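*Asks:* no sequence on hand, only this structure:
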């Protein structure tokens, strides 16, 4: 048997991957030898050359036997964890793994076996247990470990939470193991099934969370942590403060908290504090009476009043002027306010969610933001991570934005996806959305290609002078070699004909190619 990775946990559980190539790349990249999906899996996560496993600077890391590694020489039986996936490294060398690793492997194999029949799993588990065959049967099952000398079958009950739910049957043509070993086997099978049931319970909870926070895209660990905190805060009346760079989805989270709250049937009103001047912002927030100021020809309720029974989202709250900070502090403390020019006290019946891209703690130290207001806002604080820290979400986000394009597009080419993954996205999700929308408008093929993307992604590091000159010369040479046939020239350059035409326009080469 050549060296291979046996998947014992995750969506590929039961699959075996031979390690034959000089280097085996593992990750989300469609061109990888082993393509994995899920939270914590990087585009090019790690590589395996012979027995040498190397982490390719993945954000979540590669684990061997529970320890994060940079580079590691694998031994038979070693466990490799990549995101939600776990593998066992096997070689043709008949070396037994340490007993603890074997026990851990058995637990994962039992979990896979209990989930459904799989010949590869059954053979591997039988090999570890020293029997000819193994199978799991649901049903009342036996009450204790037993060995039937006539048919040479050992029967091990599987008991979960005090109930017999089935049995593991092992075929032993030779001498069976002793009762103590079979008892340990029963314990391993029970632990495996209980952990599987716990996992299913967690999946159900996550599904409920996803339903409550519908419309949220992303599975990266730091993004899921934000969603988990948002889900816990949503049913309460606590003020929520969202911190993060512009374009990271703070309003999306605010809307999700509103939808998952008891105020979901009420209005969700957003007000950007950076858009209005101080006097106009005060009117927008509190409302005004007729004649309160020049131009106030009618009474107008403000957002705090209009949002009764719902939620007010104050974006860029760090831009509030000092006078407004004092008035808004009273709103949070007393839960009441008056319209401009009015004397009637109005009770606040709205939840407040605020957001800012500023460091409010630093603003407090600098004297630009009231400390008491900061503490009033800072009840539940959620930090929305920038897109560069959740790059595993880029494919899903890009596909979401692409699905909203006006013309039908099948997807994103691997080369274009690499550019999306390599870029740091200073404008975060908003910049990604704009890039995909632009590419969908300018592209002409059934796939988004690199040349459909903005220049910042094509040449993110502002390449040295002469780069475009070399590109121009390569196009001119191919054009002349193809005698002016742009399709043949594109084939010589290894790009799509439409990409070649766009490059000719961008580099202003039309006059030189006549």
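*Replies:* Arrived safely. Model, not experiment: these values are computed from the prediction. Residues are numbered from 1 along each chain as shown.

*Asks:* identify the residues contacting the helix or strand residue 478 falls within?
*Replies:* Secondary structure assigned from DSSP states H and E places residue 478 in helix 467-481. Contact with helix 467-481 is made by 459, 486, 489-490, 492-493, 500, 503-504, 507, 509, 512-513, as judged by C-beta atoms under 8 Å, 6 or more residues apart in numbering. For every residue, glycine as well, the C-beta is placed using N, CA and C.

*Asks:* show me the strands in the stretch 1-150 of the chain, by range?
*Replies:* Taking DSSP state E, counting those that start in this stretch as the test, the strands found in the stretch 1-150 of the chain are 4-9, 16-18, 24-27, 34-35, 46-49, 52-55, 62-64, 67-69, 71-73, 79-82, 85-90, 133-138, 146-148.

*Asks:* typo on my end, the stretch 151-300 of the chain
*Replies:* So, for the stretch 151-300 of the chain - with DSSP E, counting those that start in this stretch - the strands run 153-160, 163-171, 240-243, 268-272, 287-288, 300-301.

*Asks:* adding distance to residue 377, write those out as a markdown table.
*Replies:* Shown next, in a markdown table, are the strands of the stretch 151-300 of the chain (distance: least, C-beta to C-beta, whole Å):
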| stretch | distance to residue 377 |
| --- | --- |
| strand 153-160 | 47 |
| strand 163-171 | 50 |
| strand 240-243 | 5 |
| strand 268-272 | 15 |
| strand 287-288 | 21 |
| strand 300-301 | 23 |
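
*Asks:* same list (these) but as JSON lines, adding mean pLDDT, mean neighbour count and distance to residue 325.
*Replies:* As requested, the strands of the stretch 151-300 of the chain are exported to JSON lines (pLDDT from 0 to 100; neighbours: other C-beta atoms under 10 Å; distance: least, C-beta to C-beta, whole Å):
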{"stretch": "strand 153-160", "mean pLDDT": "72", "mean neighbour count": "20", "distance to residue 325": "57"}
{"stretch": "strand 163-171", "mean pLDDT": "71", "mean neighbour count": "18", "distance to residue 325": "61"}
{"stretch": "strand 240-243", "mean pLDDT": "94", "mean neighbour count": "24", "distance to residue 325": "14"}
{"stretch": "strand 268-272", "mean pLDDT": "93", "mean neighbour count": "18", "distance to residue 325": "15"}
{"stretch": "strand 287-288", "mean pLDDT": "86", "mean neighbour count": "23", "distance to residue 325": "18"}
{"stretch": "strand 300-301", "mean pLDDT": "89", "mean neighbour count": "16", "distance to residue 325": "22"}
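
*Asks:* so for residue 8, which of these sits nearest?
*Replies:* Between residue 8 and those, the shortest gap by C-beta to C-beta is with strand 163-171, which sits at 16.7 Å.

*Asks:* hang on, the earlier thing: of the strands of the stretch 151-300 of the chain, which approaches residue 319 most closely?
*Replies:* Using C-beta to C-beta, these put strand 268-272 closest to residue 319, at 8.6 Å.

*Asks:* now for that closest one, which elements pack on it?
*Replies:* Other helices and strands packing on strand 268-272, by 3 or more C-beta pairs under 8 Å, 6 or more residues apart in numbering; DSSP states H and E, are helix 250-259, helix 278-286, helix 303-306, strand 310-315.

*Asks:* quick check: chain neighbours aside, which residue is closest to residue 59?
*Replies:* residue 42 (6.2 Å; C-beta to C-beta, 6 or more residues apart in numbering).

*Asks:* how about the contacts made by that neighbour?
*Replies:* Applying C-beta under 8 Å, 6+ apart, the residues near residue 42 are 27-28, 56, 58-60, 391-392.

*Asks:* just the buried subset of these, please.
*Replies:* Buried subset of the contacts of residue 42 (neighbour count, 16 or more other C-beta atoms under 10 Å): 27-28, 58-60, 391-392.
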